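Trainee: Fold the following.
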Amino acid sequence: MTMPMTLAFCYLSLLWQREAITLSDLLRFVEDGHIPYINIHQNFPEEMKLYGRDIKFFATESWPVYEDIYEKMIALAKFLDLPRFPDVTENCFLHPNMLCMKYLMEANLPDEMNSLTCQVIRMIGIGEVNFLTFDPITEKTRTVKYDVQAVAIIVVVLKLLFLLNDNVEWSLSSLAQENNENNPKDRPCFDFRKWYQIMKKVIDEKQQKQEEFRAKYQWKSEKPLYYSSGDRSVVYKRRRMVVNLQKQFSILVDSASNPEKKKPSSFQLNWTEDQNTTCFHGHSLEKILQKKGKSLITLNSLYWLSTQKFCKSYCKHVTTYEESNFSMSYQFVLNFFSFLLRIKASLLHEEVSLIEKRLFYKKYENKSKASKSKKA
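Mentor: Modelled structure (predicted):
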């Protein structure tokens, strides 16, 4: 049971209990220090002597990666021969309807988008109990990444509304801005450009803080590890030298004391409490949607697919992602949500492509038939 495997076991238990903690939340709690992971032996009682072969299980010098922990979780569930997990129903936090609402709030997007995400979920059938419930015995072709799937649905809805091709979204933003200026007393219309500017500033600051934190992180523990009792005196002597040098250096640079650790929370961003920026939760999509009979359709009638080609079955990944092939708006949206979940943008892009394949299956079939006819 290495530390990554232990973390996978923890997520497996959370999944069994259907707790309101996703895998991305778990990894963030580890990075924020709420869950002991790096140098965990420092939390052991004095009577537990850790040395020799046991060190390799506890001496971790890298942050856990989403894909790695997820794969280990599946492998562990199969190894333990676990039965079907408790059903993920609409009342469960892991249901996409609930998670989409949560990430819409955190991303500072209009509440009205929730009805559109629910509609997409219903259309492609990913809200069904059998699709969502984890069952290691049935050997499913793919299991559900609940948090990544929910965010991918939001990205698809943003594309349905604004296209995200570096053109349509800015035109719609100009219409929204003009409407808000002419009707200041009415409920404001959602302005994608304004949202982009605010979110880019916030996420740039967050990313900079994260990079500084990781760059300054002390991987060496205060409680040294030694492989044998004979090495103990040498290891402790080296450790004392390092500590003394760090103290002298901190005095020279006059480093500030570490800030107090915040309490763990599922939300990284809370817009209702922040009075210094615009909260878009109550903004309207009225100018982006238009009535057609009894239903509402998007003012934007176009849609481009995130991928037109899926990799071979023997590939570990579903599709490839190269930033240069996509618009700046799409890249920003991917990078923003990827930062929230602490995952690679390519993983989110892959999930977006799978959602689109379900939503636009006829379009994909026509593309594949056209490509086959060209080769023939």
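
Trainee: Neighbours of Asn167, how many?
Mentor: As a burial measure, Asn167 scores 13 neighbours (other CB atoms under 10 Å). Bear in mind the C-beta positions are built from the backbone N, C-alpha and C, glycine included.

Trainee: now the one 4 residues further on
Mentor: The burial count assigned to Ser171 is 14, neighbours taken as other CB under 10 Å.

Trainee: For the spatially closest residue to Glu19 that is not a sequence neighbour, which residues are in contact?
Mentor: Excluding the flanking residues, the one nearest Glu19 by CB to CB, 6 or more residues apart in numbering is Phe93, at 7.5 Å. Shown in contact with Phe93 (CB atoms under 8 Å, 6 or more residues apart in numbering): 18-20, 99.

Trainee: Could you report the separation of Phe93 from Asp191?
Mentor: 31 Å (CB to CB, to the nearest Å).

Trainee: And Ser115, by the same measure?
Mentor: 20 Å.

Trainee: More neighbours: which of these two?
Mentor: Using other CB under 10 Å as the criterion, Ser115 and Asp191 rank with Asp191 on top: 23 against 11.

Trainee: Spatially nearest residue to that one, not counting backbone neighbours?
Mentor: Closest residue to Asp191 apart from its sequence neighbours, by CB to CB, 6+ apart: Ala176 at 4.3 Å.

Trainee: Let me know the distance separating that neighbour from Ser306.
Mentor: Distance of Ala176 to Ser306, computed by CB to CB: 25 Å.

Trainee: same check, this time on Lys159
Mentor: In this view, Lys159 and Ser306 are 8 Å apart by CB to CB.

Trainee: Please enumerate the shared neighbours of these two.
Mentor: Joint contacts of Lys159 and Ser306 (CB under 8 Å, 6+ apart) are Tyr330.

Trainee: circling back to that earlier point, thought the residue nearest to Asp191 was touching Glu286?
Mentor: No: counting by CB atoms under 8 Å, Ala176 stays clear of Glu286, with 9.5 Å between them.

Trainee: quick one: common contacting residues for those two?
Mentor: With contacts defined as CB under 8 Å, 6+ apart, the residues shared by Ala176 and Glu286 are Cys189.

Trainee: more neighbours, those two?
Mentor: Neighbours were counted for Ala176 and for Glu286 using other CB under 10 Å; Ala176 has more, 24 against 15.

Trainee: Name all residues that make contact with the more buried one.
Mentor: Listed by CB under 8 Å, 6+ apart, the contact set of Ala176 reads 189-192, 287-288.

Trainee: Buried ones among these?
Mentor: For the contacts of Ala176, a burial check counting by 16 or more other CB atoms under 10 Å picks out 189-192, 287-288.

Trainee: And the furthest pair within the residues you listed?
Mentor: Maximum pairwise distance among the buried ones among the contacts of Ala176 (CB to CB): 11.2 Å, between Phe192 and Lys287.

Trainee: what sits in contact with each of the two?
Mentor: With CB under 8 Å, 6+ apart as the test, Phe192 and Lys287 both reach 172, 176.

Trainee: Following the helix or strand bottoming out on mean pLDDT in the chain in sequence, what is the next regular element?
Mentor: Ranked by mean pLDDT, DSSP states H and E, the weakest helix or strand in the chain is helix 232-253, scoring a mean of 57. Per DSSP states H and E, helix 232-253 leads on to strand 289-292 as the next helix or strand towards the C-terminus.

Trainee: Read off the pLDDT value for Asp54.
Mentor: pLDDT, Asp54: 71.

Trainee: and it, how many neighbours?
Mentor: 14.

Trainee: now the one 10 residues further on
Mentor: Using other CB under 10 Å as the criterion, Pro64 is surrounded by 21 other residues.

Trainee: Next up, the contacts around it.
Mentor: Applying CB under 8 Å, 6+ apart to Pro64 gives the contacts 3-4, 7, 27, 30, 37.

Trainee: Redo the residues you listed as a markdown table? Include neighbour count and pLDDT.
Mentor: Shown next, in a markdown table, are those (neighbours: other CB atoms under 10 Å; pLDDT from 0 to 100):
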| residue | neighbour count | pLDDT |
| --- | --- | --- |
| Met3 | 18 | 88 |
| Pro4 | 18 | 91 |
| Leu7 | 22 | 94 |
| Leu27 | 22 | 94 |
| Val30 | 20 | 92 |
| Tyr37 | 19 | 86 |
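
Trainee: Out of those residues, which two sit at the greatest distance?
Mentor: Using CB to CB, those reach their maximum pairwise distance at Met3 and Leu27, which is 12.3 Å.
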